[in-house]
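structure for the following, please:
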Amino acid sequence: MDSSQTDLQQIGLVGRMLRVFYAPGEAFEALSRGHSKADWLVPAVLVALVTVVTTHQVMPIAMKAGTAAMQEQLGEMPAEQREMMEKMQSVSQTAGLISAPIMTFVALFISGALLLLLARMLGGEATYGQMLPVFAYGSLIGVVKSLVITPLMVSKQSVMVQTGLGLLMSDELLQTFFGRFVSMLELFTVWQAAVTAIGLSIVAGVSMGKAFTGIFALLLIVVAIAAALAGLSSAFGG
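Numbers count the residues shown, from 1 in each chain. Down below sits the predicted model:
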């Protein structure tokens, strides 16, 4: 065993998590030599905590925008119905705070299964226990995204903050399926996908080209579904 392999084995959990941002290859090489539940649990807990804080800061802004859009309707409602709508908004905000960390783990477990399936389809060898930390490490990019865009949302009092090609699009174009699709393929999403592809390649033992092709094909499908659902939500006043 050469010194480089020894150094990789000596990289601890915190070291691997930090390397995701500047040397993801080293992080996943170390992960491929040994992992534990902490490799997916600790990053997931960190992401969940950041998600709760972000939701607490951003949800009132989103609900304020929704309330402004409904003011005309609320004004025509009887006082009892208006009060009921306001209570429902309060309940929705609480439910959002509770569901945010739960959905973090739901996404982790589903994505781990999808990565395992993708690894098998690409001819790699991996276990579910290996794919969970691959996704969890990649999701740390979302922490950086939250730290960047949440202050911008708070300062602008708007959830419409673009970090990709959406910056170049008009508000009208962003309301179309194409606009939503392109705007969702923003900097941090692509970065996270690239990191996950590197992890899939190294841990599952598939070529880098196949890993990137598979991950980005999966990403395009997920973004297309998200853009379609966002359109339906908008059509029904969401």
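
how about the strands in the chain?
In order along the chain, the chain carries no strands (DSSP state E).

from Ser183, how far off is the closest residue to Ile149 other than its chain neighbours?
Once its chain neighbours are removed from consideration, Ile149 has its nearest residue in Val161; the separation is 5.0 Å (C-beta to C-beta, 6 or more residues apart in numbering). C-betas here are computed from N, CA, C, even on glycine. Taking C-beta to C-beta, to the nearest Å as the criterion, Val161 is separated from Ser183 by 10 Å.

between these two, which is the more surrounded one?
Neighbours around Val161 and Ser183, counted as other C-beta atoms under 10 Å, are more numerous at Ser183. The numbers are 22 against 18.

run a quick neighbour tally on Val143.
Residues near Val143, counting by other C-beta under 10 Å: 20.

what's the closest non-adjacent residue to it?
Using C-beta to C-beta, 6+ apart, the nearest residue to Val143 is Val50, at 5.1 Å.

from His56, how far off is the one you found?
Val50 sits 11 Å away from His56 when distances are taken as C-beta to C-beta.

those two: who's more crowded?
Neighbour tally, Val50 and His56, criterion other C-beta under 10 Å: the higher count belongs to Val50, 21 against 14.

do you know the pLDDT at that one?
Note on Val50: pLDDT of 93.

same check on Ala68?
Confidence per residue is given as pLDDT, and for Ala68 that number is 51.

list the contacts for the closest residue to Gln157 other than its chain neighbours?
The shortest distance from Gln157 to any non-neighbouring residue, by C-beta to C-beta, 6+ apart, is to Ile61 (5.7 Å). Counting by C-beta atoms under 8 Å, 6 or more residues apart in numbering, Ile61 makes contact with Met153, Val154, Gln157, Ser158, Val159.

ok, the closest residue to Leu165 other than its chain neighbours - how many residues close by?
For Leu165, ignoring the flanking residues on the chain, the nearest one in space by C-beta to C-beta, 6+ apart is Val182 at 5.1 Å. Applying other C-beta under 10 Å, we find 19 residues neighbouring Val182.

go on, Gln175?
Counted with other C-beta under 10 Å, the burial measure for Gln175 works out to 13 neighbours.

how close does it sit to Gly166?
When C-beta to C-beta is the yardstick, Gln175 and Gly166 sit 12 Å from each other.

okay, Phe181: pLDDT?
Listed pLDDT for Phe181 reads 90.

thanks again, I'm all set now.
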